[in-house]
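Asker: what would the 3D arrangement of this be:
(one chain, ligands or ions: 2)
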Amino acid sequence: MNTLEKFRELGISENILTSIKKKGFEAPSPIQAKIIPEIFNSTDDLIGQAQTGTGKTAAFGIPIIQLLSEERNKVKALILTPTRELCLQVAEELNTLKGKKKTKIIPVYGGQSIDLQIRRLQEGVDIVVGTPGRIIDHLKRKTLNLSHIEFLVLDEADEMLNMGFIEDIEYILKNTNSTKRTLLFSATMPKEIKQIAQKYMKNQRVVAVENKTLTTDLTDQIYFEVNEDDKFEALCRIRDIVPDFYGIVFCRTKVDVDNVANKLIDRGYSAEALHGDISQYQRERILKKFKNKQINILVATDVAARGIDISDLTHVINYSLPQDPESYVHRIGRTGRAGKEGTAITFVTPDEYRRLVYIMRIAKAKIKKGDLPKVEDIIETKKAKIIEEIKATAETVDYEKNRHIDELSKELLGQLTPEQIVKALLSMNYGDEFDESSYSEIRDTKSVNRKGKARLFVSMGKENNATPKSLADFIYEKTGVEQRLLREIKVFDKFSFVTVPYEEAEVILTYFKKNKRGKRPMVEIAKEKKN
Ligand code: ADP
Ligand code: MG
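Answerer: Residues are numbered from 1 along each chain as shown. Ligands and ions are numbered 1, 2, ... in the order given. Coordinates of the predicted model:
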């Protein structure tokens, strides 16, 4: 069957089918197959949920372009995106989809000259793709009129939420007509998003692509247990065992990002750092280098990496654990995209193991324990790569054109044996590669109590009328962790202890960290007994 047929069946016009063909899409992605007919055939507001990299842009872009008329008399659709990069990407994707249609689509974001944007808006625009701040600027200057729009799209709604755009979005929504259709897209569905939907969308329906796991199947997920001090060495080994490594290394802070990137550069890798203190100009330059593979390691914070649309990463490395399960999903969503396989590697220190288990549970992710590459294995990989490179060169070099090389090799062969020559050339070119001492040792992580349980300290005791039963009830009521999972409850005068499995411990600790009464959480991990 013609591969475009599956797109045609969704009701897509011949014009857009031609663009789809040009883009090389073969079949609609699941979210596209589900939501495109819904947009065409109903008038409801819709919530589209599918993981990152599943083609949500085209899922709303195609029907919107097709449904809008071509008279350029007013802004007919507004698409809100969290970042400047996403804004540009979405505008670009829509422009490549519109085909012969005269729909005018422009990105409107902070950082670009507002006068230029005003001029463009005055010339007449059908679809505005914008970031919240700049859209509000235009609304206040009355250079953008959103009172006749047919569609409002909230793209990457969870990211907008993370970036604190709620009030901005509400402001923008208040400046739009009530007859529009609202479409909301998000990879995850935290309760705040459901609340926005409740408040601002009518007859809204959720169109979700069921994921047994939140994460993508194409991504192989592995964790390595390493001590904090050995993370860098572990990173280098991973990099060295993968000859065509192309990945993002995520760190928690700007300082970590700079440290790791600088150490990588010192060790001769082509890496760059990306974080909030990097100027917009630098950022664009770095991203361009990364896209062109002039550098193959990008070290970044979560915020800085938002909206980077690079789909063929071989690796995502969590140098530090992500803050929460949702950022784990976001981070690793950057590999295994568009049908390509990728590997997500997470470094876990012994102290962080509980948090990893929690992430696995909430993200429904299967993360297997891996063994770090051994120095011998890396050396073998390097040898194989060198053989491959030499063979490839031998097969492709045109000696006619390299007359001097030809002459030189004959001359050398007259003076030395082939073996002497090969050895000399190899040591000149690759001598450093086999220096085992450039790798430092990675210590085994101290096997901490891994019987799958954690002892918790609760700052409530007999003086607060606590009993084992009341304590268990209290924990259940607050966190939903059932009484049968609580063991060895010991109530003292001022405090108590309770033992729970790791996963539940994380649920309980997270709850009490978020709901502090005083300075300290009411439940904390008990200090380890030194015995
Ligand atoms: P999301 O918003 O869900 O994260 P995007 O819309 O950014 O995903 O799409 C990710 C990539 O997949 C883009 O490069 C896009 O062009 C591509 N893409 C979208 N739909 C298809 C499809 N049906 N087949 C192949 N590639 C697609
Ligand atoms: Mg998107």
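
Asker: can you map out the strands along the stretch 51-200 of the chain?
Answerer: Using DSSP state E, counting those that start in this stretch, the strands found in the stretch 51-200 of the chain span residues 77-80, 105-108, 127-130, 151-154, 181-186.

Asker: do the stretch 351-500 of the chain as well
Answerer: Per DSSP E, counting those that start in this stretch, the stretch 351-500 of the chain has strands spanning 368-369, 453-458, 487-491, 496-501. These are given in chain order.

Asker: partner strands of the first one, parallel or antiparallel?
Answerer: Think strand 368-369. strand 219-225 (parallel) (DSSP bridges).

Asker: and the contacts of the partner strand?
Answerer: Under the contact criterion Cβ atoms under 8 Å, 6 or more residues apart in numbering, strand 219-225 has outside partners 215, 234, 316, 332, 335-336, 341-350, 353, 356, 365-372, 445. To be clear about C-beta, it is placed using only N, CA and C from the backbone, and glycine gets the same treatment.

Asker: list the buried residues of that strand.
Answerer: By neighbour count, with 16 or more other Cβ atoms under 10 Å as the criterion, the buried positions of strand 219-225 are 219-221, 223-225.

Asker: which among those residues gets closest to ligand 1?
Answerer: For ligand 1, the nearest member of these is T219. The distance, counting by Cβ to the nearest ligand atom, is 14.0 Å.

Asker: for the closest one, which residues make a bridge with it?
Answerer: The partner residues for T219, given DSSP bridges, come to G342.

Asker: so what pLDDT did it get?
Answerer: Residue-level confidence at T219 comes out at 74, pLDDT.

Asker: in the stretch 401-531 of the chain, what residue is nearest ligand 1?
Answerer: Taking Cβ to the nearest ligand atom, the stretch 401-531 of the chain has T510 as its residue nearest ligand 1, at 27.1 Å.

Asker: wait, that residue sits on Y358?
Answerer: Yes. With contacts counted by Cβ atoms under 8 Å, T510 reaches Y358, the gap being 7.2 Å.

Asker: the two: which has the busier surroundings?
Answerer: For T510 versus Y358, the count of surrounding residues by other Cβ atoms under 10 Å is larger for Y358: 22 against 16.

Asker: quick one: contacts for that one?
Answerer: Listed by Cβ under 8 Å, 6+ apart, the contact set of Y358 reads 325, 502-503, 506-507, 510.

Asker: for ligand 1, find the nearest of the strands of the stretch 51-200 of the chain.
Answerer: With Cβ to the nearest ligand atom as the measure, strand 181-186 is the member of these nearest ligand 1 (6.9 Å).

Asker: how about stretch 146-157: buried residues?
Answerer: Of all the residues in stretch 146-157, those buried under the rule 16+ other Cβ under 10 Å are 146, 149-157.

Asker: that stretch near ligand 1 anywhere?
Answerer: No. Contact of stretch 146-157 with ligand 1 (Cβ under 6 Å from any ligand atom) is absent, the minimum separation being 6.9 Å.

Asker: distance between that stretch and the chain's centre?
Answerer: 25 Å (Cα atoms, centre = their mean, to the nearest Å).

Asker: run through who's touching it.
Answerer: Everything outside stretch 146-157 that qualifies as a contact, by Cβ under 8 Å, 6+ apart, is 56-57, 60, 64, 67-68, 74-82, 86, 90, 139, 160, 169, 172-173, 175-177, 179-187, 193, 196, 307.

Asker: cool, and stretch 199-208?
Answerer: Among residues not part of stretch 199-208, those counted as contacts by Cβ under 8 Å, 6+ apart are 31, 34-35, 38, 44-50, 170, 173, 182, 184, 189, 197-198.

Asker: go through that stretch and flag the buried ones.
Answerer: Along stretch 199-208, the positions that meet the burial threshold by neighbour count (16+ other Cβ under 10 Å) are 200-201, 204, 207.

Asker: make a markdown table out of those and add pLDDT, distance to S437 and secondary structure.
Answerer: As requested, these are arranged in a markdown table below (pLDDT from 0 to 100; distance: Cβ to Cβ, whole Å; DSSP: H, G, I helix; E, B strand; the rest coil):
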| residue | pLDDT | distance to S437 | secondary structure |
| --- | --- | --- | --- |
| Y200 | 91 | 62 | helix |
| M201 | 92 | 62 | coil |
| Q204 | 85 | 62 | coil |
| V207 | 91 | 57 | strand |
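
Asker: of all these, which comes closest to ligand 1?
Answerer: Distances from these to ligand 1 were compared by Cβ to the nearest ligand atom; the smallest belongs to V207, at 13.0 Å.

Asker: hey, what's that closest one bridged with?
Answerer: Beta bridges link V207 to G48 when assigned by DSSP bridges.

Asker: got it, and P107?
Answerer: P107 forms beta bridges with V129, as assigned by DSSP bridges.

Asker: what mean pLDDT does the longest helix belonging to the chain have?
Answerer: Among all segments of the chain classified by DSSP state H, the helix with the greatest residue count is helix 375-396. Taken as a whole, helix 375-396 has a mean pLDDT of 86.

Asker: could you list the residues in contact with it?
Answerer: Outside helix 375-396, the residues that touch it by Cβ under 8 Å, 6+ apart are 237, 240-241, 243, 426, 430, 433-434, 436, 439.

Asker: buried ones from the contacts of strand 219-225, can you make that a PyMOL selection?
Answerer: Per 16+ other Cβ under 10 Å, the buried members of the contacts of strand 219-225 correspond to this PyMOL selection:
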select buried, resi 215+234+316+332+335+336+342+343+344+345+346+347+348+349+350+353+356+365+367+370+372+445
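
Asker: for A472, grab the count of nearby residues.
Answerer: The burial count assigned to A472 is 18, neighbours taken as other Cβ under 10 Å.

Asker: how much space between the nearest residue to it once chain neighbours are set aside and I489?
Answerer: With Cβ to Cβ, 6 or more residues apart in numbering as the criterion, A472 has its nearest non-adjacent residue at 4.3 Å, and that residue is Q483. Computed with Cβ to Cβ, to the nearest Å, the distance linking Q483 and I489 is 9 Å.
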